[in-house]
Each structure stands twice: as structure tokens, then as C-alpha cells.
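Trainee: Provide a 3D model corresponding to the input given below.
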Amino acid sequence: MIISWKILLRRESFSPERKSIRAGRCSIKESYVYIDKKGEMKICGMHISPFEQGNRFNVEPLRERKLLLHRREINKIAGKIKESGLTIIPLNVYLNEDGRCKVEIGICRGKKLYDKRD
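Mentor: Model (predicted):
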């Protein structure tokens, strides 16, 4: 996989999700990012384990989560992925100093079937 472009953005999150991310209970193994018909970026397949003390405010672990970007940034990314073979994947998820959840995404070109690189 060749990463051609990286961007850092904010993710819409709820308090129990932030606490689970702070505890390191987040996985982006099988996740990907897409732009839906409304023009919003969403991350799909990201697993955030429910917070033990979260009671009724916990949300389901594998739901689609909205990514917060300006419209011009979404249009710029949409223009880049219209090239053949490009996809958007999350590279890193963390909390910054203010306690906001940040996601680093990359626009990548997949490797060919005959390519043996990892």
C-alpha cells in the first residue's frame, strides 16, 4: 500500500467512546472511510469497545461514525479518490490535549496481486 496523501481530522464522538479510546480499546484493523451521498465523510468498521461504566449512553461498537471536515476539504479529497484504484483508510486514532478524538487518514493506492511487499 502506497500512501499518497495524509490529513488529520476530527471525529464526532460521545463521552463513553472517548473514555474507551483513552483506555486503548479502539481498533481500526478492518475499517475504511467513504463519502456518502450527502457529501459527509464517514468511517465504517472501526470498533470501539463499550465503556464498562457507560450504562445507557454506550453506543454500538461497530456503528458508522461521522468525520468532521469543511466542505472544501471533502471536495478536495473526493477529487483525489476519483482517480482509479485510490481509497481512504484511517491510519491512527488518538485524543489530543483538549480531549478531542482525532483520526489521521491516508489516501492510498492498493498493491497489485503479484506485489509481495507488506
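
Trainee: which element is the residue nearest to residue 94 when sequence neighbours are not counted on?
Mentor: Using Cβ to Cβ, 6 or more residues apart in numbering and skipping residues adjacent in sequence, the residue nearest residue 94 is residue 102, 5.7 Å away. C-beta: built from backbone N, CA, C; applies to glycine. Using DSSP states H and E, residue 102 maps to strand 101-109.

Trainee: Surely the residue nearest to residue 94 is in contact with residue 68?
Mentor: No - at 10.2 Å, residue 102 does not count as touching residue 68 under the criterion of Cβ atoms under 8 Å.

Trainee: max-length helix in this structure?
Mentor: Scanning the chain for the helix with the most residues, using DSSP state H, yields helix 71-81.

Trainee: which secondary structure elements does it contact?
Mentor: strand 2-11, strand 32-35, strand 86-95, strand 101-109 (3 or more Cβ pairs under 8 Å, 6 or more residues apart in numbering; DSSP states H and E).
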